[in-house]
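Undergrad: this is a predicted model, with the sequence first.
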Amino acid sequence: MFSTCLWHTMNMNMNMNYSEYSNTVDDYDDNHKVLVFRLLRCTLALATALSELRLCQSLTFLKLSHAFYYSDNHNNNPPTSSYSQQSSSISSIPFWTLFLLLTSAGMFHAGPAYLPSSTVMLLWMNSASHQLQSYKHNNIVKNNTANTDDTSYINHIHWAVLWGLLAVLGTGWPFSAILFIPLGIHSLFRVKNPISLLTKVFILSILLQSIVMLVDYHYYGTLLSPTLRIFTYNASSNSDNLYGVEPLSYYIKNILLNWNVVAILGILSLPILCLTHFILSPPSCNYSSKQTFIQDMRLWILLPMYLW
């Protein structure tokens, strides 16, 4: 993705015949803007590629979490063949995720797109990466309690929340907040001091929104909040007739075209997770309890897709 954008940018520069243009300042500015736009797309493509790699790397913690849950809730019995098969399947998740991301037409077009939704996408992947990495430090031990004093776990949760704030307040697309509702609920119930977390979120929100407003004021000469402005535009101006007005069949065809069979598997992912948790787990294992299911980070990673 990144190399394709860079190749187009290089070709544009090499094939540009400057003799066709006059040496006026306006023509120079136009060429400069096109070059900046191309480089911006390259930067977004590179950021998306790095985010994909980071997400896939974080998926390796699923195996660690699975083994931890099983060992703590299996009454110290030796692993069964069922557990070994599940562990082997989980080990292949990062590889197949990366393969499907690389071969997805939707990701290829969305990665370098200069759109708020594409930026939110890569920011969400970084947030999800930190949520998955918190598996390594989230010590869910005897009596189904959590050692939420673990500094590393708290740091990962804070970073996940920070990426979410950047997605909601830094892109001018506040509708993406729905993607981070599961993260907010999970964080408030898992950290030891939720009031402290809410205070940090409030301070960071004000700081991020102030920076965005100052940047917009510098370029547009008007002090306003993009977050408030987009709600005002859609609610009071009767102008919400550009996006989201297509029939349901349009979105079904679109997701099938971009993701093919992966879209169907994605819709079935939560039912499959419930099936493996409550039905396919060994009878002697407390792994199938409702409390451990609610604590399972995979549940909270999947929920944003269904909310969206």
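TA: Done, it's in.
Undergrad: ok, His186 - contacts?
TA: Contact analysis of His186 by Cβ atoms under 8 Å, 6 or more residues apart in numbering lists Gln131, Met297, Trp300. In this view, the C-beta of every residue, glycine as well, is placed from N, C-alpha and C.
Undergrad: isn't the last one right up against Ile181?
TA: In other words, Trp300. No: contact between Trp300 and Ile181 fails when scored by Cβ atoms under 8 Å: they sit 9.9 Å apart.
Undergrad: and those two? Which one has more around it.
TA: A side-by-side neighbour count of Trp300 and Ile181, using other Cβ atoms under 10 Å, places Trp300 first with 20 against 14.
Undergrad: please report phi then psi for that one.
TA: According to degrees, to the nearest 10, the main-chain angles of Trp300 amount to phi -70, psi -20.
Undergrad: show me what contacts it?
TA: Taking Cβ under 8 Å, 6+ apart, we find Trp300 in contact with Gln131, Pro182, Leu183, His186.
Undergrad: please identify the helix or strand for the first one.
TA: So the one you mean is Gln131. Assessed by DSSP states H and E, Gln131 sits inside helix 116-137.
Undergrad: next one: the second one
TA: Pro182 is located in helix 181-190, with elements delineated by DSSP H and E.
Undergrad: quick check: angle from that helix to helix 116-137?
TA: Per axes from the mean of the first three to the mean of the last three Cα atoms, to 10 degrees, the angle that helix 181-190 makes with helix 116-137 is 30 degrees.
Undergrad: and the angle for the following helix or strand past helix 181-190 with helix 181-190?
TA: Next helix or strand after helix 181-190 toward the C-terminus (DSSP H and E): helix 194-220. If you take the same axes, to 10 degrees, helix 194-220 sits at 140 degrees to helix 181-190.
Undergrad: buried ones in helix 194-220?
TA: By neighbour count on 16 or more other Cβ atoms under 10 Å, the buried set for helix 194-220 is Leu197, Val201, Leu204, Leu208, Gln209, Val212, Met213, Asp216.
Undergrad: following that helix, which helix or strand shows up next?
TA: helix 226-236.
Undergrad: which residue sits closest to Leu123 in space, ignoring its chain neighbours?
TA: Distances taken as Cβ to Cβ, 6 or more residues apart in numbering place Ala167 nearest to Leu123, at 3.9 Å, with adjacent residues excluded.
Undergrad: quickly find the element holding the one you found.
TA: Counting by DSSP H and E, Ala167 is found in helix 151-169.
Undergrad: against which helices or strands is that helix packed?
TA: For helix 151-169, the packing partners by 3 or more Cβ pairs under 8 Å, 6 or more residues apart in numbering; DSSP states H and E come out as helix 116-137, helix 181-190, helix 194-220.
Undergrad: check what contacts it and list those residues.
TA: Helix 151-169 has contacts (Cβ under 8 Å, 6+ apart) with 119-120, 123-124, 126-128, 130-131, 133-134, 136-139, 147-148, 173-174, 176-177, 179-180, 183-184, 187, 190-191, 197, 200-201, 204-205, 208-209, 212, 227.
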